[in-house]
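Participant: quick one: sequence plus predicted model below, questions after.
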Amino acid sequence: MKKYFIIDFDSTFTKVEALDLLGEISLSDSRQRTERLQKIKEITDHGMDGGMSFRDSLTKRLKLLEARKEHLVELVALLKARISKSFHRNEEFFREHADNIYILSNGFKEFVVPIVTQYGVKADHVYANSFKFDHQGRIVGFDEDNILSRNNGKARQIERLKLKGEVSVIGDGYTDYEIKEAGLAHKFYAFTENVTREKVLKKADHVAPSLDEVLYINKMNKAISYPKNRIKVLLLENIHPMAERSLKEEGYQVEVHSDGMDEDELAEQVKTVSILGIRSKTQITEKVIANARRLLAVGAFCIGTNQIDLQACLRKGVAVFNAPFSNTRSVVELAIAEIIMLLRKIPERTKEMHAGTWHKSAKASFEIRGKKLGIVGYGNIGSQLSVLAENLGMEVYYYDLVEKLALGNVRRCQSMDELLAIADVVSLHVDGRKSNTNFFGRDLFMKMKEGSAFINLSRGLVVDLEALKENLESGHLVGAAIDVFPQEPQNNQEQFVSLLRGLPNTLLTPHIGGSTQEAQENIGDFVPNQIIQYINTGSTSNSVNFPQVLLPTLQNAHRLMHIHHNVPGILAKMNQDFAKHQINIVGQYLKTNETIGYVITDIDKKYHQRMIDDLKSIEDTIRFRVLY
Ligand code: NAI
């Protein structure tokens, strides 16, 4: 049976209501602009919800608009930039099915035709109202004989077309539903990409958050293989709202929970989820992954990924992303503040003041300018700290296990001994690898200069706290600032227990080095971007567990993603399948790690479902996806 698509214009084909936009143009110099525009909007919405007769609404709006012919030129230019995203990416659908597509609008031909014909819609398949102008070009009314200016006009117009086949209506307003109500369409899709009207949703046969969804249901999708609105995202643990916003903007279905989930609950919930976002509390275990049938990616909205079984994710073909440098600056700022505080003995002074003691003295108080800072671990944080410290006039040295690019005038030390013999302040920024457990103990404290200060903002397990305590009590160290501890309370209700409590000139902070609003915002922005890029293009740069591939974007080609167990010969088998189906490969990228192989293949436009089935059935395939 032939399929016909009757498509609405305002807020469906375009993101906006054209008359609202026309008002913004025509009333741009009017003193009553705001009130009038508000009024026009109210009338539009009232009409759309079915609360006012269409003619009434139109007459009232045109009067408020005071628009002229020349305003329409500007309007069309603006509308061209406001085509609904999913309409724009499915341009091919309009061209290919032009005979079966009608635009049915209560708007006006003067702006509808120039827009839709650009997409290949036939001008004589556009049914809309037309304006009446006076001799000075002012819009003074509309053609009242046009059936679309009457109540239930859309249904009556369709009736005249006498379409023989399956008729689907796609629109956001009540007047679109009226076609179905009149028995003149088989299906009404409530289109919600731009606006959602509750009254209309209730009447829909199907809610379509994008045109992709309609095409997917009708097996006509071309632009993307799977509608984004079908990708379900679950965000746990109070992730910054920015993440929800950008994932929604991408068109995904996003569910947000402020708390974490325990293993059993998550193992249940994860079954329908494609993207999972967590912070540090939620454990992603083998059991959770076993149930994660649709899971494509996990976003760790934090730095560490110890809470995730990365190997289990790999074996299931799930890519994990985190935000390795989103809070770097925050940690660095705290380190700078602490260096100053310690050299001015602020922890002691403030404690005395709170106890009523006024102890004004310059004794043993120093500027940081000209002092020597020794950074242990010259990674993201260590290197950025070096830049800021140098800008404040410090002389900076670093020691790292591996050779790193030294920024500015920073000098590399060949050994810890060399660094400790020079530094007035030692700041630890090593990672938490096992071999770093108790890395900084008695022997290293002994080698620090008399009267130097010590800072640890890296990991608690790295420092032997007993040794630190001894050196603070003996006065060998002038002070210390510690943010991370071997045992940290699980929550804000638990007490903080540590042998460092009560020590002189010691700043203690509850693992807040990276805890700032800016860092949270950065994480909320960074992680979704990595995931969206992975879903859309297959690029895995910054993935914690996947082989790193950075891919070009392509036009007019399909991209196929194949993840398999890392055994020999898979690529050869894939290419045999391509040859068998006479597919031209435009580009191919393979990267492996110990567990998986990751192949991206870009092919010419045409392919057959049988080829997809063949590729999927290659032994040792973990996952296969058509990206676009
Ligand atoms: P990174 O991985 O970029 O840098 C770590 C550097 O330490 C690497 O260059 C590595 O080669 C070096 N390293 C490791 N062990 C070493 C050793 N024994 N001796 C000398 N060099 C060694 O890590 P990033 O992002 O700079 O983070 C540093 C630390 O800060 C990590 O432990 C991280 O967990 C912690 N961190 C703490 C935060 C807080 O809230 N206090 C927030 C963010 C990170």
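Facilitator: Perfect, I can see it now.
Participant: who in the chain is up against the ligand?
Facilitator: Residues of the chain lying near the ligand by Cβ under 6 Å from any ligand atom: 303, 324, 327, 331, 376-382, 399-402, 429-432, 436, 439, 457-459, 483-484, 511, 513-514. For every residue, glycine as well, the C-beta is placed using N, CA and C.
Participant: and the residue of the stretch 451-600 of the chain found nearest the ligand, which of the three is it?
Facilitator: Closest contact between the stretch 451-600 of the chain and the ligand, by Cβ to the nearest ligand atom, is at residue 513 (2.6 Å). The three-state assignment at residue 513 reads coil, by DSSP: H, G, I helix; E, B strand; the rest coil.
Participant: hang on, isn't it packed against residue 336?
Facilitator: No. The criterion here is Cβ atoms under 8 Å, and residue 513 misses it with residue 336 at 11.7 Å.
Participant: run a quick neighbour tally on residue 257.
Facilitator: Residue 257 is flanked by 16 other residues according to other Cβ atoms under 10 Å.
Participant: for it, give me its contacts.
Facilitator: Taking Cβ atoms under 8 Å, 6 or more residues apart in numbering, we find residue 257 in contact with 234-237.
Participant: highest neighbour count among those residues?
Facilitator: Per-residue neighbour counts (other Cβ under 10 Å) across those peak at residue 235, which has 25 neighbours.
Participant: surely it meets residue 244?
Facilitator: Yes. Contact criterion Cβ under 8 Å: residue 235 and residue 244 qualify, at 6.1 Å.
Participant: common neighbours of the two, please.
Facilitator: 254, 256.
Participant: point me to the residue of the stretch 351-500 of the chain nearest the ligand.
Facilitator: Using Cβ to the nearest ligand atom, the single residue of the stretch 351-500 of the chain nearest to the ligand is residue 379, 1.7 Å away.
Participant: how about the closest residue to that residue other than its chain neighbours, phi and psi?
Facilitator: Leaving aside its sequence neighbours, residue 379 sits nearest to residue 429 (Cβ to Cβ, 6 or more residues apart in numbering; 6.4 Å). In this entry, residue 429 is assigned phi and psi values of phi -140, psi 40 (degrees, to the nearest 10).
Participant: what about residue 429, how many neighbours?
Facilitator: For residue 429, the number of neighbouring residues by other Cβ under 10 Å comes to 29.
Participant: now swap in residue 354 and tell me
Facilitator: Using other Cβ under 10 Å: residue 354 sits among 8 other residues.
Participant: and if you look at residue 490?
Facilitator: 8.
Participant: same thing with residue 628?
Facilitator: Neighbours around residue 628, by other Cβ under 10 Å: 18.
Participant: tell me the spacing between it and residue 401.
Facilitator: 42 Å (Cβ to Cβ, to the nearest Å).
Participant: roughly how far is stretch 23-41 from the heart of the chain?
Facilitator: From the chain centre to the centre of stretch 23-41 is a distance of 35 Å (Cα atoms, centre = their mean, to the nearest Å).
Participant: meant to ask about stretch 354-372, not that
Facilitator: With Cα atoms, centre = their mean, you get 46 Å for stretch 354-372.
Participant: quick one: contacts of that stretch?
Facilitator: Contacts of stretch 354-372 (Cβ under 8 Å, 6+ apart): 339-340, 343-345, 349, 352, 389, 392-397, 422-425, 478.
Participant: going through the residues you listed, which ones are buried?
Facilitator: By neighbour count, with 16 or more other Cβ atoms under 10 Å, the contacts of stretch 354-372 hold 339, 343-345, 349, 389, 394-397, 422-425, 478 as buried.
Participant: next SSE after the helix ranked longest in the chain?
Facilitator: Using DSSP state H, we find that the single longest helix of the chain is helix 517-537. Using DSSP states H and E, the helix or strand that follows helix 517-537 towards the C-terminus is strand 558-565.
Participant: tilt between whatever helix or strand comes next after that following strand and strand 558-565?
Facilitator: Note on strand 558-565: by DSSP H and E, the next helix or strand toward the C-terminus is helix 570-580. On the basis of axes from the mean of the first three to the mean of the last three Cα atoms, to 10 degrees, helix 570-580 is oriented at 140 degrees to strand 558-565.
Participant: can you tell me what sits against helix 570-580?
Facilitator: For helix 570-580, contacts defined as Cβ under 8 Å, 6+ apart pick out 562, 564, 585, 588, 590, 597, 599, 601, 603, 611, 614-615, 618-621.
Participant: pull the distance from the helix or strand following that helix to the chain's centre.
Facilitator: The helix or strand immediately downstream of helix 570-580 is strand 585-592, counting by DSSP H and E. Between the centre of strand 585-592 and the centre of its chain there are 26 Å (Cα atoms, centre = their mean).
Participant: kindly report the same for stretch 566-583.
Facilitator: 34 Å.
Participant: by mean pLDDT, which helix or strand of the protein comes out lowest?
Facilitator: Here the helix or strand of the chain ranked lowest by mean pLDDT, DSSP states H and E is helix 33-48, holding a mean of 86.
Participant: can you get me the start-to-end distance on stretch 539-551?
Facilitator: From its first residue to its last, stretch 539-551 covers 5 Å (Cα to Cα, to the nearest Å).
Participant: let me see the contact set for the residue positioned nearest the centre of the chain.
Facilitator: Centroid check for the chain by Cα atoms, centre = their mean gives residue 528 as the closest residue, at 2.7 Å. Residue 528 makes contact with 242-243, 246-247, 250, 299 under the criterion Cβ under 8 Å, 6+ apart.
Participant: and residue 456, what pLDDT?
Facilitator: pLDDT for residue 456: 98.
Participant: do the same with the one 5 residues further on
Facilitator: What the model reports for residue 461 is a pLDDT of 95.
Participant: quick one: secondary structure of it?
Facilitator: Going by three-state DSSP: residue 461 is helix.
Participant: quick one: it and residue 436 touch, right?
Facilitator: Yes. With contact defined as Cβ under 8 Å, residue 461 counts as touching residue 436 (7.2 Å).
Participant: I'd say residue 227 and residue 213 touch.
Facilitator: Yes. Using Cβ under 8 Å, residue 227 is in contact with residue 213, at 4.5 Å.
Participant: what's stretch 561-569 in contact with?
Facilitator: 315, 317, 538, 570, 574, 592-601, 615, 618, 620-627.
Participant: what bridges to residue 187?
Facilitator: residue 168 (DSSP bridges).
Participant: so who does it touch?
Facilitator: Counting by Cβ under 8 Å, 6+ apart, residue 187 has contacts 166-169, 180, 205-206.
Participant: from the ligand, how far out is it?
Facilitator: 53 Å (Cβ to the nearest ligand atom, to the nearest Å).
Participant: next, count neighbours for the residue of the stretch 1-150 of the chain found nearest the ligand.
Facilitator: Residue nearest to the ligand within the stretch 1-150 of the chain: residue 85 (36.1 Å; Cβ to the nearest ligand atom). Residue 85: 17 surrounding residues under other Cβ under 10 Å.
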